[in-house]
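1. Sequence unavailable; structure follows:
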């Protein structure tokens, strides 16, 4: 069975040594001292590694089953869900007014990484509930909040997001689900939704569906859509469960991965629903949650690859095969371990340098969201800009990383029993859902780049520039500064190319959007690595911390700068080739 | 159900318009005129699209079953195998002395692409038989050839390759399977082999296993291993089947993909075997087949991605979602088809430009093998050098291409019912088997590059140089010449770096081996595209051929040159960073 080892020390490094969270002066952050977060992470890590991880393969093998209209989750999921609830993990960063613990989002992300790594499909049940909680918290009436939030914070009731319909994915303007207003202020919802993760299951008493639908008067475009709360069981005045609502599971999809999570076709047949937020302003309500939801998928992207990497490391150390080209290292054994071979190292370093950089980026991003929650408009703008990068880049690279890990196993990696295939199959969905990565690239280049007059991308460049200036004389981290500077210049050149050319021909920008997202991703990870290097070097200079850990951190970062950042030049070259090579062919010529 | 459309025209273009096969003067090639090969390809394409392709999903869903020690293939495989045998497809490029049709290998490859695309798992039953046929044909005694080859050419008997053992994959020196010589000249084979594709099944009367084992006196290294013929049923003097040999199926593996092919654990319990080739020279016998086998897997790598691309194109044309940024194109419809969006184009062009380049490379490579079979030592050296590139690069990129195709489907691509997941899962194995791609990179840099004093890599550079010179004044293909020149220079710089640094520290070469393989792959595909461009342009100038097809070919090639070839600079930068970033960490630091 695959192992999973919670990366507590690395998360602590990101939160305390790099971000110095408890010194930021943000409300609630003074509690986040090193000992406190370590205790929290240790406890979450224990649940992740001892309870959730052993169920990961079980979930994959058994999958969910639809029996008489009810979805059954795999063996052991129910008990594990109870443990998660009892530990208070579902309430960690929720509002204390509704039973939450009021911790910053960054701590939710740090523990979340471990839950995702241990069992991604399982963790989605609470992850989606958190998303629905946030939507109701931000847009619900007081009565709605009182009715739903306490039960959702505790995960006695879980939540879902219902956007997609068979003919309407990215293009939500085409959706057909109708909401008919009733005299009592409620609506009757009728239509079919697909790809509803955690759409039904046996882990909670009730499922609270948030459903996008068209109410009269909203017009036919995306803009006039409204958002509704549609509970599986109606809720009585006293909070107890009433009768079954007119929503049912039409089908359970067979998927490439995340078998442990129920992906449902949901049929709404005049189900009773209540407007959430303003009429015809449903998309706006959705968008306020989007940064968080997409950040969550970006986190999944790399977190799913963490155990794949950990197992690949163990395999590379244990598996004896061949001899080091520089002379046998395991002389008394029949062969050397795989890890002596340079190309195995190359693969492990690609994974390690990506995963640790991604972890830093997501923790840093969560910190920006915490700042935004406190009214920091600059942080809000920055994270809004970077959200498609975090979602698109980290999920693409996370998948690649899992594939690299699987490859180290050779033929054994292709056998389901080993568990490496599951990591790859599970990671694959993160590139697709919550806006396929091409849509993230479009969001980045088509919307975010020019948002507020390009203010946020300028702020990003200023941030990099300030960092470079601040550390220009720091010779110990010179290996980080020069590559970051070069990569950042490539990014600016690309942004300039879009500005100059995109006005005349928007295709010139959009044909390069995917490359731009990756170029941006590399620069951002380069910045994160440079920040980590500065922090690690300062600790070494001060004689603080674990020397081996810090030196390993520096070496890993140097690898990223030397062997990953050069990729920005290729992305820039692709972007600068413009739209002609991309758009030249007639559709019939494909 | 996924579609499959045989690319007959494109294969004809590669064979006739670019390579002008029937004019090469090679024995047997004068028969290969355009009409003849078109008839062959049409017939193969019909079998592929009408018989094999409809069974692809069936094979994936049903898989193989082990019942009372016997493997049962999925429904319909038996009938399809009969159709393949009856059509003579298994005998196409086999020796007429044993019932083959004596066609050049290049035609076997061209038809093979279609069989693989239609149903990779199914085609492996005959593909492995062909490999075993080649080994016996090259190394068998007359009696062995007479006994086995006619039945294997017709696929009445199928073949397997038995190399891997649980603890010995790449490092065959560690294998434990023993061969004890008997008084009658035979051997008793005892040991366990794993990952034996087509190890047992119900498609043929007999299975002829080729088994690597250690006979007394060979020592403990790889060099002393011998190769044995071990039939499932012993063969009587008169050629009829005798008693069951001591070989049995220990287990059937559950894999990520190619479910339709039986991957077996084979147990040899004193099974009767006969030496194939010289005693203790088994590895040499294996190696003579290696170029062909690895070329075959390189072909699988891209061929598996061909139907994925074709289906993605159909989906992109049919699926209505969003509007073109330059103005609605499907004004009367509710939305524009996906194919209007630049990022969808980018993905489709990445796929198309890779797949057509890969097809040209494999057809060209097969032609080199045909020349080598006729005693052309330069062709032999060249294809030996390029074999790891063809295997490693085409399978990595083929997998990426299938993932891109799946991505175009959005959420629908993740649902098994659509078939896109299968293409990805099936393609994944090609990066692993027949020497994992890291081993290909090692073979390229550690062995092939310096082989015969570096003669073959110099010949490759000379070939590129001569081509560039020949076409330097051809302004119509200038878009191809300059990028090829730059990429080729990157490759030479990398080779030089290895030569200078590799002597002092072999890790400096090996740490860059994977990047070198990809760098070489891009240059090779760039060369193929340039060759195709010159041919297409000449036809256009002469007013020959289908103008639309030729112009599409040129545009597709320009895309590859503009948007893929720049990747060589990043590979070179990675290589030039040397081994330090790769090798710096202690094993415990991972």
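-> Cool, the structure landed. Just so we're clear, the structure is a prediction, and the values are computed from it rather than from any experiment.

2. what residues does the stretch 401-550 of chain A put near chain B?
-> A:403, A:406-407, A:410-411, A:413-417, A:421, A:424-425, A:428-429, A:431-433, A:436-438, A:441-442, A:446, A:505-507, A:510-511, A:513-514, A:548 (CB under 8 Å from any CB of the partner chain). (Glycine included, C-beta is placed from N, CA and C.)

3. Cross those against strands and list the overlap.
-> The members of those all map outside strands under DSSP state E.

4. so what does the host helix or strand of residue A:487 touch, helix or strand wise?
-> Secondary structure from DSSP states H and E places residue A:487 in helix A:478-504. When contacts are defined as 3 or more CB pairs under 8 Å, 6 or more residues apart in numbering or on different chains; DSSP states H and E, helix A:478-504 sits against helix A:451-470, helix A:506-510, helix A:513-541, helix A:547-559, helix A:567-576.

5. export those helices to TSV and tack on mean neighbour count, mean pLDDT and distance to residue A:148?
-> Supplementary listing: the helices and strands packed on helix A:478-504 in TSV, determined by neighbours: other CB atoms under 10 Å in any protein chain shown; pLDDT from 0 to 100; distance: least, CB to CB, whole Å:
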stretch	mean neighbour count	mean pLDDT	distance to residue A:148
helix A:451-470	15	96	32
helix A:506-510	24	96	40
helix A:513-541	24	98	35
helix A:547-559	20	98	43
helix A:567-576	23	98	44
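
6. So which of those helices is nearest residue B:574?
-> Nearest of those to residue B:574, taken as CB to CB: helix A:567-576 at 8.8 Å.

7. So for the very next helix or strand once past that closest one, mean pLDDT?
-> Note on helix A:567-576: by DSSP H and E, the next helix or strand toward the C-terminus is helix A:580-583. Averaged across helix A:580-583, pLDDT comes to 97.

8. So which elements touch helix A:580-583?
-> By 3+ CB pairs under 8 Å, 6+ apart, helix A:580-583 packs against helix B:342-373, helix B:547-559.

9. one step back: tell me the gap between the helix holding residue A:487 and the middle of its chain.
-> Centre-to-centre, helix A:478-504 and its host chain are 26 Å apart (CA atoms, centre = their mean, to the nearest Å).

10. which parts of it are buried?
-> Of all the residues in helix A:478-504, those buried under the rule 16 or more other CB atoms under 10 Å in any protein chain shown are A:479-481, A:483-488, A:490-492, A:494-495, A:497-498, A:501-502.

11. just stretch A:205-218 next, same as before
-> A:206, A:207, A:208, A:209, A:210, A:211, A:212, A:213, A:214, A:215, A:218.

12. Residue numbers of the stretch 151-300 of chain A in contact with chain B?
-> A:164, A:167-171, A:173-174, A:194-195, A:253-257.

13. Can you flag the buried ones in those?
-> A:164, A:168-171, A:173-174, A:194-195, A:253, A:255-257.

14. Which pair of those spans the longest distance?
-> Pairwise over those, using CB to CB, the maximum falls at A:173 and A:257, 29.9 Å.

15. Is it correct that residue A:495 is in contact with residue A:456?
-> No: the criterion here is CB atoms under 8 Å, and residue A:495 misses it with residue A:456 at 11.6 Å.

16. so how far is residue B:403 from the nearest residue to residue A:415 once chain neighbours are set aside?
-> Once flanking residues are discounted, residue A:415 sits nearest to residue B:253: 5.1 Å by CB to CB, 6 or more residues apart in numbering or on different chains. To residue B:403, residue B:253 is 23 Å away according to CB to CB, to the nearest Å.

17. try residue A:165
-> Residue A:165 is 26 Å from residue B:403, by CB to CB.

18. helices or strands next to the helix or strand encompassing residue A:243 in the packing?
-> In this structure, residue A:243 sits in strand A:241-244 according to DSSP H and E. With contacts defined as 3+ CB pairs under 8 Å, 6+ apart, strand A:241-244 has these neighbours: strand A:233-235.
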